[in-house]
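Peer 1: I would like the atomic coordinates for the input below:
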Amino acid sequence: MKTVLITGANKSIGLETARQLLQQGFYVYLGSRSLENGQQAVDRLKAEGLTQVEAVQIDVSDSDSVDAARAALGAKIGSLDVLINNAGISGGLPQAALKANIEQYRKVFETNVFGVVRVTQTFIDLLQKAPEPRIVNVSSSQGSLTLAADPESKYYHHKGAVYQPSKSALNMYTIALAYELRDTPVKVNAVDPGFVATDFNNHRGTGTVQEAGARIARYALIGADGPTGRFFSEEYDPETGAVPW
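Peer 2: Residues are numbered from 1 along each chain as shown. The predicted model follows:
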């Protein structure tokens, strides 16, 4: 049975991604900053008949927490098939380039960028022991420099001077990581789940968590001939999923 660790999976898109991968036969380690919230999510899934799941306490902004999660999983499994770096924060509003303070930047980057680096580096040994490892970094089309600079872009006027740079940095990390792993079976991609109605954006989104979960799960399931080092947004391009960096 394939295994997957999903960070920030106790609600919204992370929880739906867990649900869909459970339906695909995965054993899911449902990462949650709060173990209590994670267990409540697990109980919901088990009530739906999806039983191959357990909660793992992991705060991606805390090295001790990430190390403890690695030790806990390492005691149970010899390899990890998929890592989905889903945990992220928006940083709140407003996010004006001239007024957002440095602490705002530090807090968002700590989760959205440093957290991904921390978790990936900590779990890479388990991933590399799997036959076809996959890493999915949950990004956003808001991190596309090309689209952010294009007055014709759908979200051109949606500017977040803190959140957007964090996703741009995550995208660059994805490129660097995929390059380093290019001669291995590990495939690494950045995936935009779309503008989804969740508490992350005060339910202003137009997409559903089911659509978002399917987009993320798709790149956890790619085969040996699948892409790596790419950035995908099916909301931007429903046919190919390709989105400009």
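
Peer 1: For the rest of this, base every contact and every neighbour count on C-alpha atoms.
Peer 2: Will do.

Peer 1: show me what contacts the spatially most central residue of the chain?
Peer 2: With distances taken as Cα atoms, centre = their mean, the residue of the chain nearest its centroid is Asn86 (2.4 Å). For Asn86, the contact set (Cα atoms under 8 Å, 6 or more residues apart in numbering) comprises 6-9, 14, 137-138.

Peer 1: Just give me the closest of these to Val188.
Peer 2: Of all the contacts of Asn86, Asn137 has the smallest distance to Val188: 7.6 Å, by Cα to Cα.

Peer 1: quick revisit: out of the contacts of Asn86, who's the most crowded?
Peer 2: Counting neighbours by other Cα atoms under 10 Å, Ala9 comes out on top of the contacts of Asn86 with 30 neighbours.

Peer 1: Need the three-state assignment for the residue of the chain positioned farthest from its centre.
Peer 2: The outermost residue of the chain relative to its centre, with distances by Cα atoms, centre = their mean, is Leu98 at 28.7 Å. Following DSSP: H, G, I helix; E, B strand; the rest coil, the label given to Leu98 is coil.

Peer 1: tell me the SS of Ile84?
Peer 2: Following three-state DSSP, the label given to Ile84 is strand.

Peer 1: didn't it look like it was pressed against Thr3?
Peer 2: No. Ile84 is beyond contact range of Thr3, at 11.0 Å (criterion: Cα atoms under 8 Å).

Peer 1: So if I had to pick from these two, which one is more boxed in?
Peer 2: Set side by side, Ile84 and Thr3 show more neighbours around Ile84, with 30 against 22, by other Cα under 10 Å.

Peer 1: Show me the beta-bridge partners of that one.
Peer 2: Counting by DSSP bridges, Ile84 forms beta bridges with Ile6, Val136.

Peer 1: Where do the strands of this protein begin and end?
Peer 2: 3-6, 27-32, 53-57, 82-85, 134-138, 187-192, 230-233 (DSSP state E).

Peer 1: Present those as JSON lines; the columns should include distance to Leu73.
Peer 2: Below are the strands of the chain laid out as JSON lines (distance: least, Cα to Cα, whole Å):
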{"stretch": "strand 3-6", "distance to Leu73": "9"}
{"stretch": "strand 27-32", "distance to Leu73": "8"}
{"stretch": "strand 53-57", "distance to Leu73": "8"}
{"stretch": "strand 82-85", "distance to Leu73": "12"}
{"stretch": "strand 134-138", "distance to Leu73": "17"}
{"stretch": "strand 187-192", "distance to Leu73": "21"}
{"stretch": "strand 230-233", "distance to Leu73": "28"}
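
Peer 1: then the lengthiest helix in the chain to CSV, C-alphas only?
Peer 2: When the chain is parsed with DSSP state H, its longest helix is helix 163-180. Provided in CSV are the C-alpha atoms of helix 163-180 (Å, rounded to 0.1, in the frame of the first residue of the first chain):
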residue,chain,number,x,y,z
TYR,A,163,1.7,36.1,0.1
GLN,A,164,2.6,36.3,-3.6
PRO,A,165,6.3,36.5,-3.1
SER,A,166,6.2,33.5,-0.8
LYS,A,167,4.6,31.4,-3.6
SER,A,168,7.1,32.7,-6.1
ALA,A,169,9.9,31.6,-3.8
LEU,A,170,8.2,28.2,-3.4
ASN,A,171,8.1,27.9,-7.1
MET,A,172,11.8,28.6,-7.4
TYR,A,173,12.6,26.1,-4.7
THR,A,174,10.5,23.5,-6.7
ILE,A,175,12.7,24.1,-9.7
ALA,A,176,15.9,23.8,-7.8
LEU,A,177,14.7,20.7,-6.0
ALA,A,178,13.6,19.0,-9.2
TYR,A,179,16.9,19.8,-10.8
GLU,A,180,18.9,18.2,-7.9
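
Peer 1: what angle do it and strand 134-138 make?
Peer 2: Interaxial angle, helix 163-180 versus strand 134-138 (axes from the mean of the first three to the mean of the last three Cα atoms, to 10 degrees): 160 degrees.
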